[in-house]
Each structure stands twice: as structure tokens, then as C-alpha cells.
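Colleague: Here is my input, please return the structure:
(2 chains)
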Amino acid sequence: MKLLKDYCLYICIVSFLFVQFSCKEEVSSPQVKHELPAIFPDYTEVTIPPSIAPLNFKVEGIYTKIDAVIEGNTSGSLHVQGDDFIAIKPKAWKQLLADNIGGSLKVTVSVKHVDGWVQYDPFNIYISTYPIDYGLTYRLIAPGYEVYSKMGIYQRNLSDFTQTALLENTLIPGNCMNCHSFCMANPEKMSLHIRGEYGATLLLNDGEASLLNTKTDQTISSCVYPYWHPSGKYIAYSVNDTKQVFHEVKDERVEVLDLKSDIVVYHIETNQLFSTPLLKSENAFETYPSFSPDGRTMYFCTADVKPLPEEYQQLRYSLCSIAFNPETGTFGNQVDTLVSAAKSGKSVSHPRPSYDGKYLMYTLADYGNFLVWHKEADLWLLDLATGETRELSEVNSKDADSYHCWSSNSRWFVFGSRRIDGLYTHPYIASVREDGSITKPFLLPQETPLYYEASLYSFNVPEFITEPVKMNISEVESKLLSKERKQMIYR
Amino acid sequence: MKNKQMRYASWSLSLLFALGAFVFFAGYYCYHLVYQEQFQLFMFSFDYLAQTTHKPGGFAEYISRFLVQYFYTPWLGGLIITLLLSIMQRQVLSISLKVADKPAYIPLTFIPSLFYWFLLCDEHYMVAGIVALVLVLAAVQMYNTIRPAVLRIVYVLLMIPLLYLLAGGTCIVFALLCVLLEILKKEIDTRKILFFVVGCILLMLCAPLVAKAILPQYPLSKLWVGVDYYRLQQLFPSTIWFLWILIVCIPLFFRLLPDVQKTKHSFIWIGIQIVLLVLLSGYGISLRADWQKEEVMAYDYLIRKQRWAEVVEMADKKAPSTPLSVAFLNLALCKQGLMADKMFHYYQNGSEGLLPTFIRDFAMPMMAGEIYYHTGFVNTAQRFAFEAMEGIPDFQKSGRAVKRLAETNIINGEYTVAVKYLRMLQQTVYYKRWATQALAVIQDENEIELIPEWAELRRYRTKTDFLFSEEEKDQMLGILLQQDYTNRIAYEYLMAYCLLTKDLSSFFNYYPLGKEIQYRQIPKSYQEALIYLWGLTNKDLSAIPYLIHPEVMQRVQEYGKIYATYQKSEPMLGTQFSDTYWFYLHFRK
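Modeller: Okay, the predicted model is just below:
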């Protein structure tokens, strides 16, 4: 009997402790502040896809507890508390999103200070009806200059926080990798450059990996910036002789210049590279090729040759297009200018047409073409039907907003922005509404909102993928080490 | 060790060894240890622990990095290395005596520690290696305490994967020693021994393969070794194999060598071994120690600590000769206000001894960045720090570089990114205080201006943009000077650049720019250049329109006579005039 009593006592104590430590503290008599909470990441009034991972956040400043009540406008609610930040349980979050697709979530945030609770005005998170792709791929690399430490290409599941490495430079020490590109977000068609002693272009075509040597006698360098033809039969590349120069004034850091550049197209089946004099001019730099979704137009950037680096500030690229015949692999005879550098006094980079053929998004800055280092770089949108172009003020910031990529349904786009600290590039996602207006972008959610302030990596070249990339790392490793490469042939 | 005398002798020898190691590493070779510290950033955080220990041998690396952070204090670094070497020696001794109680061979047990001592004379050998060995030998000592043979075997088979996880491929030493000890114990029959050996081999083979399946982004060769013994990742020096074999062989020698303990001459025998060990130590250190590098590292340390006077004192004792150490000396001279007068009192190495050229490396940009920082090229100092950190071959970060990144970002007003670095530094032992103070200061612009170093660099940094050019450093210095003619460092570096590159026409053109600096008298090296230039076109030196010191006037005439009289005048002029610009101009590259 005594034993039973003891057990009961223990159970009572344990239950009391459990209740004490696991139950949420009530937000009692809060002081109400009629302002939105300064949360990081800023998820106030953003629009999110229905499958996105929980938007964990913190409030800027010092507090002992944080409390969030998240209520769906249709049904469901969550009450989350934490010491440092709000970490939402994935399963409950998923259900809440599913229950409120097309609607919104009202989030009421309170923080506890020494003298009590402070409650802020609630904010909304809108849940889009447009689905988003499985995930993103990006390169994680420190935003350095010429030398690189640990880096790699990673894929991230957007509906949770899982990140896996596609290729890291631990595999082949001394090598680096860049410019991963997919055919309309298809994970089975990927082009990826590996630089260094075991360098090659890794081509994943229908899941089969091969290594290419892309430097030919007729091209000025190995292939650089890629873009897949929608048919998956061609890849357009720029070939660039690149140089870095370094600013000494406090607000600038690096300038990446192409001393020479051309555009070539690779026909995968015949292993042939080809071009046209219009894309290989001695008097112009041509770079950043991309194809229209019907595959019959190539967009690219071009600038008149200037003495470099002396006149780097006069180097401005126009957005142009040229007809392409995928059946014959030939180009048209005429280059059309869509956005003229001479007229705008600005420089265009990185044109990316949406896959539905409606828009073309590009980056615009004062000069140059490697705009991630330009604070003034902003995203612009060209309406391909009307020819009207406008600044995407809904998403731009005072820091560099650059490299962007469309989701496979053209309803979402991801872009890199340095808005948090001016140096490290982070991925933001925004949605395009039916009328062409753009929703407020949100930062790729992480398990802990402290992730970004601790990370020493930039997210380079974020690209959507519809499914996880399946690649046999050991096979790639042994192929790389073998140094056997398929030599591209210039036609 | 049953013999009490021998026990005392053993401890005495260990203490002597420890004393020797401490004197060497804390007294004579401490800057190699300080050098190690700057290529890591140990942080007290769970994330750092997880990142470091996620691969085989990661635990040993974590412990080693924890210890290496204390190398920031040179004598403490020496003490830590001494302790590690001594512990390893005592472990080898303990294991060897278990094999055969032959204390006469105690000196042999010092060989592995001595060997690692020699290795550590090369700055690329890492402390993680010795930590891994200490862990592995501790596991062998534990094995020796287990009496039932079956339990011992089970213990070994369980420990191999665990040790592989903790100490990486070094666990092969554990497997080999345990197999050897088990064979020597002769407590189980040959068939069981055979199974035991096969089990050990299988486990040793499988562990890296399992690791490869879990960590596909590492090459198998890397997973075999696990721990970073050597900083340069592509290399695994054969010396490590030799060291491993050596450790396994010492106990075997104890068993195989004759027992001299019972003879009268056992102490003579020990004496001979000690003499041989001392000779070996002397030979090993003379072979492995790089005193020139130690000198550069010493200069670098003093520059990093801004102990300018000590740099000059050090140069007065022994003039530096490498471009980098000359560049450090010139910076210290400039900071002390002595460069324009005294720079040619020391060996000069051309413009590389002033503003070194960037090379893609991790060590050189870290060091050379100090010069660019103090001369006002804040962005270049930031770039050098970033590149140095990114260039660290084992992918670690650097406390020194992160601190410089924080400083330069604060100077440039990039506070958000500076906060990122400062918060990292707050998780360290040595940088925490500085980072916390800096974090407090950057809340207020006025507070920043109260920090003399930052305020000065802000005042002197360029306001108009230009691109860094290795070929046009004089132009860059000229731009800095044009913005503020009181910028003495920019002026003296510009003049020094012209003098060192023997561009006397530019020197003459730029010379008047220094009037705002208000020297009490024309600095000696400038007087020497001016009188030389005057002498090229005028016979009457006394008519020179600059105030030249009579001694300089007299010396130039003497110099001129010898130079004109003798065809091979360098040796003669060298004895009297090696401290002059004229000698540099005529006889140095």
C-alpha cells in the first residue's frame, strides 16, 4: 500500500513538472502595441505556396518568451510558444495550410519582457492556390573573391527543411563547381560545371551522367552560363574570358568583367557546338543566353566592346533576341533589341522567360553584367505580349536583387537578394498573380530563423526542380577521377 | 615497473623530456604554434560541435581545435604540446611495460613523441594527429586492464568502430597493438587468434566503407584516414605511416630485446640510449625546424599585436631578409615614425618588401593583409582576410580573419554583416571580449569615432573609387594622399615605393606633397635621394636648394669617390654605406 502511495506521489510530482514545463504560458494582460511585430524573417503579409515548410520566425530584440497564435480564416489554428523563436510543428502546419488554401492565416505575436507581455497587431500570411515545385537547388559558397573554401551544390525540399548535397568539393579536394542548370526544372536534365584539376561539365541527361570537355579551339573558354532548350536537345552556353577587379571605395567590393564573351549552342545528340557570327561578334560581348518556351527564340545580353578594366563603368548590356530553328539548329539573320542599353542608360543581365511565355524577367543595374555585386541591381519584368517593361518594386530592395528562376508552372519565381546584410545572398520566393502583379517575397524558411545570421554561405543560382535529383555520387566520383572526358566538337 | 629506482628514473626522464619540449615550444618555436591558431575558429556552440564531429575522427579534431585555440597565448601552446607529447610517451611506456617489464628500455618509449615533436616543427602538421593517438593509446591501456580474454576480444571488436568514429583511421594503431598484445599474451589458442585477427581486419576494412555509404561526399581515401594529420588535404605524408608502425613496434622491441635489467650495466645501457636520444633530438630538430619561417611568424605575431617597437628591436638583433618580414619591418618603422629615416639601415627587398603582391594562398594574404590594413587599403585588407580564410585547406574558418572582416566592415559602415562576424567571435575564448566591446560600440557612430584606429582609417580611406592594381601601387597611394595630405603613412609609403623601385623622377615629383606633414628636417633617406638627384645634373652639391645634413653631404662625397674610383666597389661601400639609399640604388635589385 505504501508502495502504491509512493508511486502516486511520484506520478503527481512528474505530472506537475510536466505541466509546468510543457504547457504554454498564458499571455495575460498584454500591453497592446498597434504595430506589426519586427519579425525575422519578415513573413508579414507574404503569399506562400500551400506546400511550403513552416515559416519559423523570431522577433527582433530581447525577450524571455515568444508566443504566436496562428488562425486560419477557414478553419484551424495553432498556438506556438518558444524561448527564442517560433518553431511550428510541421505536421500541424501542413494541415493548417491544407485547410486554408486560397485563404489566409492571421498571426498574432506576443513577446514577454521582464515587465510583462507585449502583443502586436496581427499580420496575415496568404496561402496561394498555385502549387510550387518540389524544391530548389543552389550553390552554397562564401561570397569571396578568387579563393573558395568548402562549397557545394545542394537540393532543398521546399515542403520541409531537408537539404542534401548533390556535389560537394570535399569529394574532389581543390575543385569547385558552378552554373548548375535544369531543363525547365526537370531534375533528370542537368548541366553543371566542375572546375579544377578534375574539371569537366557534368551532363545529366535523362538521369545518365556523362562528363564533357567543353573547351574547343574555336571557343574562347570552356562553356559557362547555361540554359536548356525546352526540347532538352540543346543547351545554350556563353563562353567567357572573365576577370575580377576590386574596388577600394567602401560601398563597392568586386567587379566581374568579361574581357571577351560569345554564345554557343550545344547539340547533345551529335555532341556538337555551333553558333552564328551574330553571337560571336568581335565588336560585342554576348552573354547570358536563354530560350523562349516555344524554343524558337534565343534571348541574350550584348554590349559593345570596351577597353577593360579602364571603361568598366561604361559597359552596358542590352537585352536582345534572335530567332532559332530547333529542327535545323540554325539561327535567324537578325538581332532584335528588346531593352536598349543606349536608351535606358542601364545594363541588362540574366534574362529568363517564364515557361508560360508571358513574361521575361531580367536584372537591371547601372553597368556591368555580374550584378550580384551591384547594390543597385534590381529585377525587372518584360511583358512579352505588350513589350512593356517595369521594375518589380514589389520585390526589389536597396541591395542587390539578382539571379532569378521561374517555377515550372511560371507562378513562382525565386531570386537571390543581399537585403539582409548587404553581402550574403539569400533566396526569396514570390508569386505572380493572374494580372501580372507580384506578391511580397518571403525568405526561404529554415528550421531555425537564426540560421541566416550564423551562416557564412551565399545561396547562388537558386533553381527550381520538380523532383529530387537522382545522381550516383560514387559513379560521378570515379568518372571525375578517371579524367576521361567527352570532347565537344565545334561545327 | 617493480624497481623503485627505475620508476624514479622513468619519471625523471619524462620530466626532463617535458621540460625540453616546453622550453623548445614555448621558448624557441612558439610562433609556429601561434601560427596554427589563426587557421581555425573554435566556437562553443552545438552547431560547431556537430559540424566538426560528423565525420570519422571528428571528435579528435574537435578536441584538438579546442586545445589549439589556446595557442593564441604562445607559452600556453607550448604547455599543451608538451602535455600531449608527454602523455603519449607515458602511454607508450605503460603499454610497453605490460608487454615486458624491461625498464632498461624506457628511453625507447620517447621515440614516438620525439618523432611527433619533429613533425610539429612543420606548421602543416596538425595537433589532431597526436590527440587521435592519445585517444587510441588510452583505449589500448584500457584493453590492458581487462583480464578475461573473451572480454578483451569483445572489447577490441566493439572499440574498433567506436575508435574509428572518434579518432578516424588512427584506430589501426589500436587494432594492431591489441592483436600484437593478444598474441604475446598467449592466453588463447591460434585458431581463436586467427578469428580475432580476421575480425579486426574486417572491421578496419568495413568502417570506412560504411562511412562512405553515409558520407558519400568524401573520397574513400579521406575516410580511411579520418583525422587531418596534415593541413594540405591532398597529402597524407608517409611519415604518418612510419609513426603508426613505430608506436606498434616499441612494445614489440620490449619483448624482443634482451633483458639487461639483471646485469650490472643496466644504467650504462640506459645512459647510452639517452645519449642517442639526445643526439637524435638534436639531429631531428636541426633537420625539421625552419627558423626562417619562425622568424617570419614572429614578425607576423608582433605586427598582429601592433607591438611596433618590438618589431624594430627584433630587426636590430637580426635584420630580416624575406620580403614579408622586410615588409613587416617597414610597417613597424612607419608606425614608429622611423621609416623615412631608417628604412635603408636594414636590408630592403624591393617593392615586395613594402606592399606584397597577392598570391592564392591561405598564409600569405593573412599576414600581408595587416600591411594593407594599416596603410589604409581597407577593402584590400578585407579581401586578403577573406581570401586567406577561404584558402585554408581543411575548410576551417579563422578567428584572426573573422576579426579583420568584422573590423573592416565596421570601418566601412557595413554593420549588419559585421554583427554576423562579431556574434561568431562571441562564441570563442580569445575574441569574445573584443567582439562584445565592438558590438556595444557599433550601436553608436560617435563611439566608433572614439576608437583611434578605426577613426584614423575612416579618415584616410579613399572617398573616390578606384580599382586595386598590383602594378600601380604608387598611383593608389597617390590617390590616398591626394585626399588628405596629412596622411603620413600614405606619403611615406609612396616615397618608399618610388625609392625601392628606383623611380627617382616620380620620387622627385611626389616629394613636395609631403610639406603638410611638417617634418622637422628632411628624412634621411629623402635627403640621400635628393642629393643623389642633384648630383646627377649639378657639380656643386652645396648649392642644393634643400636642407641637407652635413653628415649626409660628407658621406655622399665619400661614397661618390669610392664608387668612381673602384670598379668593384660594392664590398668596400657595403662596409661603410650599406645604410644609405645610394648603396641600395646601386647594388640591390
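
Colleague: need the residues of the stretch 251-400 of chain A near chain B, please.
Modeller: Contact residues, the stretch 251-400 of chain A versus chain B (Cβ under 8 Å from any Cβ of the partner chain): A:Asp251, A:Glu252, A:Arg253, A:Glu255, A:Pro309, A:Tyr312. Backbone N, C-alpha and C define where each C-beta goes, glycine included.

Colleague: remind me which residues of the stretch 1-150 of chain B are low pLDDT?
Modeller: Residues of the stretch 1-150 of chain B meeting the criterion pLDDT under 70: B:1-2.

Colleague: In what element of secondary structure is the closest residue to chain A within it found?
Modeller: Distances between the stretch 1-150 of chain B and chain A by Cβ to the nearest Cβ are smallest at B:Asp47, namely 6.9 Å. Here B:Asp47 sits within helix B:46-53, counting by DSSP states H and E.

Colleague: Check which helices and strands that helix is in contact with.
Modeller: Using 3 or more Cβ pairs under 8 Å, 6 or more residues apart in numbering or on different chains; DSSP states H and E, the elements in contact with helix B:46-53 are helix B:58-68.

Colleague: Next up, the contacts around the residue of the stretch 1-150 of chain B closest to chain A.
Modeller: A:Ala454 (Cβ atoms under 8 Å, 6 or more residues apart in numbering or on different chains).

Colleague: now do A:Val32
Modeller: A:Val118, A:Gln119.

Colleague: Give me the buried entries from the residues of the stretch 251-400 of chain A next to chain B.
Modeller: Buried members of these, scored by 16 or more other Cβ atoms under 10 Å in any protein chain shown, are A:Glu252, A:Arg253, A:Glu255, A:Pro309, A:Tyr312.

Colleague: before we move on, the earlier item: can you list the buried residues in the helix holding B:Asp47?
Modeller: Quick answer for helix B:46-53 (16+ other Cβ under 10 Å): B:Tyr48, B:Thr52, B:Thr53.

Colleague: Next, the angle from it to helix B:58-68.
Modeller: With axes from the mean of the first three to the mean of the last three Cα atoms, to 10 degrees defining the directions, helix B:46-53 sits at 120 degrees from helix B:58-68.

Colleague: now helix B:46-53, how far from the chain's geometric center?
Modeller: 24 Å (Cα atoms, centre = their mean, to the nearest Å).

Colleague: for the chain, which spans come out with low pLDDT?
Modeller: In the absence of a named chain, this looks at chain A. Where chain A drops to pLDDT under 70, the residues are A:1-23.

Colleague: I was thinking of chain B, sorry if that wasn't clear
Modeller: Looking at chain B by pLDDT under 70, you get B:1-2, B:262-263.

Colleague: Domain boundaries for it, per the record?
Modeller: B:4-145+B:226-288, B:292-460, B:521-589 (automatic domain parsing).

Colleague: right, and those - which one's nearest A:Gly422?
Modeller: domain B:292-460 (5.7 Å; Cβ to Cβ).

Colleague: The closest one close to chain A?
Modeller: Yes: for domain B:292-460 and chain A, the contact criterion (Cβ under 8 Å from any Cβ) is met by B:360, B:362, B:377-380, B:383, B:386-387, B:389-393, B:395, B:397, B:411-414, B:416-417, B:419-420, B:423-424.

Colleague: Could you do stretch B:215-234 as well?
Modeller: Yes: shown here: stretch B:215-234 in contact with chain A (Cβ under 8 Å from any Cβ) through B:Pro216, B:Gln217, B:Tyr218, B:Pro219, B:Lys222, B:Gln233, B:Gln234.

Colleague: Dead centre of chain B: give me the residue that sits there.
Modeller: Taking Cα atoms, centre = their mean, the centroid of chain B lies closest to B:Tyr35, which sits 2.4 Å from it.

Colleague: Where does that residue fall, secondary structure wise?
Modeller: Assessed by DSSP H and E, B:Tyr35 sits inside helix B:30-37.

Colleague: could you dump the helix holding B:Asp47 to PDB, C-alpha only?
Modeller: The C-alpha coordinates for helix B:46-53 follow below in PDB (Å, rounded to 0.1, in the frame of the first residue of the first chain):
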ATOM      1  CA  PHE B  46      26.300  22.900 -30.700                       C
ATOM      2  CA  ASP B  47      26.400  23.600 -34.400                       C
ATOM      3  CA  TYR B  48      30.200  23.800 -34.400                       C
ATOM      4  CA  LEU B  49      30.400  20.500 -32.400                       C
ATOM      5  CA  ALA B  50      28.000  18.900 -34.900                       C
ATOM      6  CA  GLN B  51      29.900  20.200 -37.900                       C
ATOM      7  CA  THR B  52      33.200  19.000 -36.600                       C
ATOM      8  CA  THR B  53      32.300  15.600 -35.300                       C
END
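
Colleague: which one is A:Ala284 nearest to, not counting chain neighbours?
Modeller: A:Thr302 (5.0 Å; Cβ to Cβ, 6 or more residues apart in numbering or on different chains).

Colleague: mind listing what the nearest residue to B:Gly284 once chain neighbours are set aside touches?
Modeller: Closest residue in space to B:Gly284, ignoring its immediate chain neighbours: B:Phe118 at 4.1 Å, by Cβ to Cβ, 6+ apart. B:Phe118 makes contact with B:Gly284, B:Ile285, B:Leu287, B:Arg288, according to Cβ under 8 Å, 6+ apart.

Colleague: Helices - which of those residues land there?
Modeller: B:Gly284, B:Ile285, B:Leu287, B:Arg288 (DSSP state H).

Colleague: Pull the most distant pair out of those.
Modeller: Looking at the ones in helices among the contacts of B:Phe118 by Cβ to Cβ, the two members farthest from one another are B:Ile285 and B:Leu287, with 7.2 Å of separation.

Colleague: More neighbours: those two, which one.
Modeller: Legend: neighbour count by other Cβ atoms under 10 Å in any protein chain shown for B:Ile285 and B:Leu287, higher for B:Ile285 (17 against 9).

Colleague: Fine, thanks again, bye for now.
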